[in-house]
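K.L.:
Sequence and predicted structure below; questions after.
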2 protein chains.
Amino acid sequence: MEALVQKKTPRSTIADVAREAGVSKAAVSFAFNTPERLSTDTVTRIREIATGLDYRPDPVARMLAHRRTWTIGLLTPQGLDFIFTNPYFGEFSAGVATAAEAAGMSIQFISPLHGSLSRAIDRASVDGIIAVGLGVDHPEIDQIRRSRLPYVLIDSTALPDEPAIYVDDEGGARAAAAHLIELGHRSFVILGIEPPEAGSGTDPAWVSARRLSGYRSAAAEVGLDISDESVVTGPASMEGGAAALHRAWERGLRPTAVLAMSDAMAIGAMRAVREIGLRVPEDVSVVGFDDLDVAQYTNPPLTSVHQPNRAKGAEAVRIVLDGGRHGDPLASAQHHFTTHLVVRGSTASAPQLRQEVVDDGM
Amino acid sequence: MEALVQKKTPRSTIADVAREAGVSKAAVSFAFNTPERLSTDTVTRIREIATGLDYRPDPVARMLAHRRTWTIGLLTPQGLDFIFTNPYFGEFSAGVATAAEAAGMSIQFISPLHGSLSRAIDRASVDGIIAVGLGVDHPEIDQIRRSRLPYVLIDSTALPDEPAIYVDDEGGARAAAAHLIELGHRSFVILGIEPPEAGSGTDPAWVSARRLSGYRSAAAEVGLDISDESVVTGPASMEGGAAALHRAWERGLRPTAVLAMSDAMAIGAMRAVREIGLRVPEDVSVVGFDDLDVAQYTNPPLTSVHQPNRAKGAEAVRIVLDGGRHGDPLASAQHHFTTHLVVRGSTASAPQLRQEVVDDGM
DNA sequence: GCGGTTTAGCAAACCGGTTTAGCCGACCGT
DNA sequence: ACGGTCGGCTAAACCGGTTTGCTAAACCGC
């Protein structure tokens, strides 16, 4: 025990370098940050001694003195195990990371710590916050505001007067449903995204609700009503999508088309369809949402609503760096993105004889 | 009634709370950290005033005083845009994150900053480092050592006397190749992982080299020689895998089986095979490496070498938290994992008439 | 040789917490 | 009444950097 502690050579500090070089701490600091304030030979001497001592300025001390952390927080109500294995977050985070790095910032993930998102926010040392998927009913949104840090809301409830990035979820969903209707489909199952916390389900402005209303609005145009029974929800993962579709099937639903609110769920649904013994798209069409990279690699390639995942991340960084709501006009702290449908191989004309085929098969 | 509050209200500090409560800074600190040192009513009074002032202890100042950051660094030579969209890293990171959170630690990604991994390491404020995919020729490995932080090497060159997690890459690869050989395949293309930086390619202990030697050892058992020409490399992504297979095809290679060193590449390869006009597995068998979650969702489901992606992450956290090489016996800072082949639908018997079919088709 | 301006570097305050050493008064037994 | 103990709290040092005056010497033109 004791021996172990002594074995640990303490890291050298700025004071060590100053003493060794026979200068003040300030001089050492200058040598690294504003070398023009010192004579060139003093600078080189200090630097040599510093490297000889393996000196590395302590980032934490520097943060404290500067009152900046050079870090942007990426806040999500879901746990990191979910986030990191979710390809949508992957692409979004990649967009954030690229833009952050260009600005010399690093990113830190803020997600529930021992179940408490609030605690995680308190412990996070960041200069700004990008909050993903927070609904109005999340009290954390107020906590963020009180932290006086610049922030921006993504995939959130549409709130006026908040720095936020909006995506035309409803328009994209409408296009997806219209596409299927045009192909002759009339019987749908919708795979909805389960909110990370209970209670948000009724929030009329939540992402899932916006997309649902898009689907319904397209259906309404041909006099079709999508009942609540044909909407099944689950986590936005492949597994969640497969489970949801199986559940729908067990409930007796026999759709010719599946509208998934995320590509991950759509991929899960495609597998579930195959497991049931049907083919995509001959028997069942599937359309996703997000247009992930992987949508081009599925078999068949996935028809999906495109939204600019990486660009959303980059734009979020811009807003936070501009000061979020502390920036001058709120308008510049808001941004709207459009969506569009990308048709690939997972959608086809509705089967005329589906009902009989299924009956035969069962 | 009150004087106009400046829009930029500074955050309240421990001194503000102390003044307001008529106590010392120490008392405020005690009220939050060791309340038993204070009388209960003093504690409640201080806490009330603190919440009234929206006081939140500055994490950075706390880190400096404690000389701990409660953060583990996850270091990769690849950029974050690659990392976040790579499902293998996703699963590994999820394992790290889950274990870290259980220990009350957060994680920070350390990856090249403006092209320099070295600079990124200097700027990182962490208590330990998990380094993924660093080869012997990476000078950063020495920089990490000099930082005197506990660390552990993953997917790295096998080095003696280093805290590290080893995976039986060679055995897994051998099993994959043996499986194909048993199915009658004799003509292979190998999709290798391109090292993040040039130069590592010749490193005999690099992951890619270990897997390759596994493939070759299985081939050698039936007197087969896998030439360097049939090994094409690319980034470990779906796109990289597709491109690599197309490149192989253009070079005139006509394999009946593809051995991909990552599942992402395998998925890309499957798409490329379909684009060429062939079927998986009837015309070409494909086997991956990693056994990602998504391997169960591809069509056909992907045969792959299983390695414990999440467990690797969790074990890495354990080692770093135990002090890495500063822990007592080095043995406890090393860990070996086994691999095994999971056979699914992407592999089948070698086609007897493949050559003719292709000739017809072209 | 003289005031005035640079230049090079220092001392000390500061960032916002934690922690140690110690003070003071209340309570206690005798 | 007295020394001892203890609970409750404070003053001050500290973590490791940055930054703001400020000084002393060198440099300048005349």
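P.N.:
Nice, thanks for sending it over.
K.L.:
rest of the way, CA atoms for contacts and neighbours
P.N.:
Will do.
K.L.:
Can you pull the residues of chain A lying near DNA strand D?
P.N.:
Within reach of DNA strand D by CA under 7 Å from any atom of the strand, chain A has these residues: A:11-15, A:25-30, A:33, A:55-58, A:61-62, A:64-66.
K.L.:
from the residues you listed, which would you call buried?
P.N.:
By neighbour count, with 16 or more other CA atoms under 10 Å in any protein chain shown, the residues of chain A next to DNA strand D hold A:11, A:13, A:14, A:25, A:27, A:28, A:30, A:55, A:57, A:58, A:61, A:64 as buried.
K.L.:
Serialize the residues you listed to CSV and add fields for distance to residue B:269, pLDDT and secondary structure.
P.N.:
Putting those into CSV (distance: CA to CA, whole Å; pLDDT from 0 to 100; DSSP: H, G, I helix; E, B strand; the rest coil) gives the following:
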residue, distance to residue B:269, pLDDT, secondary structure
A:11, 49, 86, coil
A:13, 52, 95, coil
A:14, 53, 96, helix
A:25, 58, 96, helix
A:27, 58, 96, helix
A:28, 55, 97, helix
A:30, 54, 96, helix
A:55, 48, 95, coil
A:57, 47, 96, coil
A:58, 46, 97, coil
A:61, 49, 98, helix
A:64, 50, 97, helix
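K.L.:
restrict these to those near DNA strand C?
P.N.:
Counting by CA under 7 Å from any atom of the strand, A:25, A:27, A:61, A:64 from those sit close to DNA strand C.
K.L.:
Domain ranges for chain A, per the record?
P.N.:
Here the domain parsing of chain A from automatic domain parsing is A:2-57, A:71-167+A:309-337, A:169-307+A:342-361.
K.L.:
mind putting the ones you listed in JSON lines, distance to residue B:112 included?
P.N.:
As requested, the domains of chain A are exported to JSON lines (distance: least, CA to CA, whole Å):
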{"stretch": "domain A:2-57", "distance to residue B:112": "17"}
{"stretch": "domain A:71-167+A:309-337", "distance to residue B:112": "9"}
{"stretch": "domain A:169-307+A:342-361", "distance to residue B:112": "24"}
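K.L.:
Touching, residue A:170 and residue A:208? I think so.
P.N.:
No - the criterion here is CA atoms under 8 Å, and residue A:170 misses it with residue A:208 at 9.5 Å.
K.L.:
ok, the two, which is more surrounded?
P.N.:
More neighbours surround residue A:208 than the other of residue A:170 and residue A:208, with 27 against 22 (other CA atoms under 10 Å in any protein chain shown).
K.L.:
That one looks like it's in a helix, true?
P.N.:
Yes - under DSSP: H, G, I helix; E, B strand; the rest coil, residue A:208 falls within a helix.
K.L.:
State the pLDDT value of the closest residue to it other than its chain neighbours.
P.N.:
Excluding the flanking residues, the one nearest residue A:208 by CA to CA, 6 or more residues apart in numbering or on different chains is residue A:193, at 6.0 Å. Residue A:193 carries a pLDDT value of 94.
K.L.:
ok, now residue A:78?
P.N.:
94.
K.L.:
Identify the residues contacting the residue in the stretch 51-200 of chain A positioned nearest to DNA strand D.
P.N.:
For the stretch 51-200 of chain A, the residue closest to DNA strand D is residue A:57, as judged by CA to the nearest atom of the strand, at 3.5 Å. The contact partners of residue A:57, taken as CA atoms under 8 Å, 6 or more residues apart in numbering or on different chains, are A:13, A:14, B:122.
K.L.:
mind checking how far it is from DNA strand C?
P.N.:
According to CA to the nearest atom of the strand, to the nearest Å, residue A:57 stands 13 Å off from DNA strand C.
K.L.:
And the helices in the stretch 101-250 of chain A?
P.N.:
Secondary structure of the stretch 101-250 of chain A (DSSP state H, counting those that start in this stretch): helices at A:117-123, A:140-146, A:169-182, A:207-220, A:238-250.
K.L.:
name the helices or strands packed onto the second one?
P.N.:
The criterion is 3 or more CA pairs under 8 Å, 6 or more residues apart in numbering or on different chains; DSSP states H and E, and the helices and strands that helix A:140-146 contacts are helix A:117-123.
K.L.:
buried ones in the helix it packs on?
P.N.:
For helix A:117-123, the neighbour count (16+ other CA under 10 Å) marks A:117, A:118, A:120, A:121, A:122, A:123 as buried.
K.L.:
Could I get those in CSV, plus columns for pLDDT and distance to residue B:317?
P.N.:
Below are the buried residues of helix A:117-123 laid out as CSV (pLDDT from 0 to 100; distance: CA to CA, whole Å):
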residue, pLDDT, distance to residue B:317
A:117, 94, 22
A:118, 94, 24
A:120, 96, 19
A:121, 96, 22
A:122, 94, 23
A:123, 94, 20
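K.L.:
what's the farthest-apart pair in those?
P.N.:
Maximum pairwise distance among the buried residues of helix A:117-123 (CA to CA): 10.0 Å, between A:117 and A:123.
K.L.:
In the stretch 201-350 of chain A, where is pLDDT below threshold?
P.N.:
Low-confidence segments of the stretch 201-350 of chain A, defined by pLDDT under 70: A:201-202, A:204-205, A:325-331.
K.L.:
so how many other residues sit close to the residue of it found nearest DNA strand D?
P.N.:
Relative to DNA strand D, the nearest point of the stretch 201-350 of chain A is residue A:321 (18.6 Å; CA to the nearest atom of the strand). Look at residue A:321: counted by other CA under 10 Å, it has 19 neighbours.
K.L.:
Using JSON lines, lay out the buried residues of helix A:117-123 together with distance to residue B:286.
P.N.:
Formatted as JSON lines, these follow (distance: CA to CA, whole Å):
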{"residue": "A:117", "distance to residue B:286": "43"}
{"residue": "A:118", "distance to residue B:286": "46"}
{"residue": "A:120", "distance to residue B:286": "43"}
{"residue": "A:121", "distance to residue B:286": "45"}
{"residue": "A:122", "distance to residue B:286": "48"}
{"residue": "A:123", "distance to residue B:286": "46"}
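K.L.:
and those near chain B, which?
P.N.:
Restricting those to those touching chain B (CA under 8 Å from any CA of the partner chain) yields A:122, A:123.
K.L.:
From the buried residues of helix A:117-123, pick the one nearest chain B.
P.N.:
Nearest to chain B out of the buried residues of helix A:117-123 is residue A:123 (CA to the nearest CA; 5.8 Å).
K.L.:
wait, the closest one sits on residue B:60?
P.N.:
No - assessed by CA under 8 Å, residue A:123 is found out of contact with residue B:60, at 9.1 Å.
K.L.:
Which of the helices of the stretch 101-250 of chain A sits closest to residue A:89?
P.N.:
Closest to residue A:89 of the helices of the stretch 101-250 of chain A, according to CA to CA: helix A:238-250, at 13.7 Å.
K.L.:
Now tell me what touches the helix or strand following that closest one from outside.
P.N.:
Downstream of helix A:238-250, the first helix or strand assigned by DSSP states H and E is strand A:257-260. Under the criterion CA under 8 Å, 6+ apart, residues A:176-177, A:180, A:185, A:187-192, A:241, A:266, A:269, A:284-289, A:350 lie in contact with strand A:257-260.
K.L.:
Now strand A:257-260 - C-alpha only, CSV.
P.N.:
C-alpha atoms of strand A:257-260 as CSV (Å, rounded to 0.1, in the frame of the first residue of the first chain):
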residue,chain,number,x,y,z
ALA,A,257,-47.7,-1.9,-45.3
VAL,A,258,-45.7,-0.9,-42.2
LEU,A,259,-44.8,2.7,-41.3
ALA,A,260,-41.9,2.7,-38.9
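K.L.:
my guess is residue A:207 meets residue A:169, correct?
P.N.:
Yes - using CA under 8 Å, residue A:207 is in contact with residue A:169, at 7.1 Å.
K.L.:
ok now do residue A:70, which residues does it touch?
P.N.:
Contacts of residue A:70 by CA under 8 Å, 6+ apart are A:104, A:105, A:106, A:126, A:127.
K.L.:
That'll do, ta.
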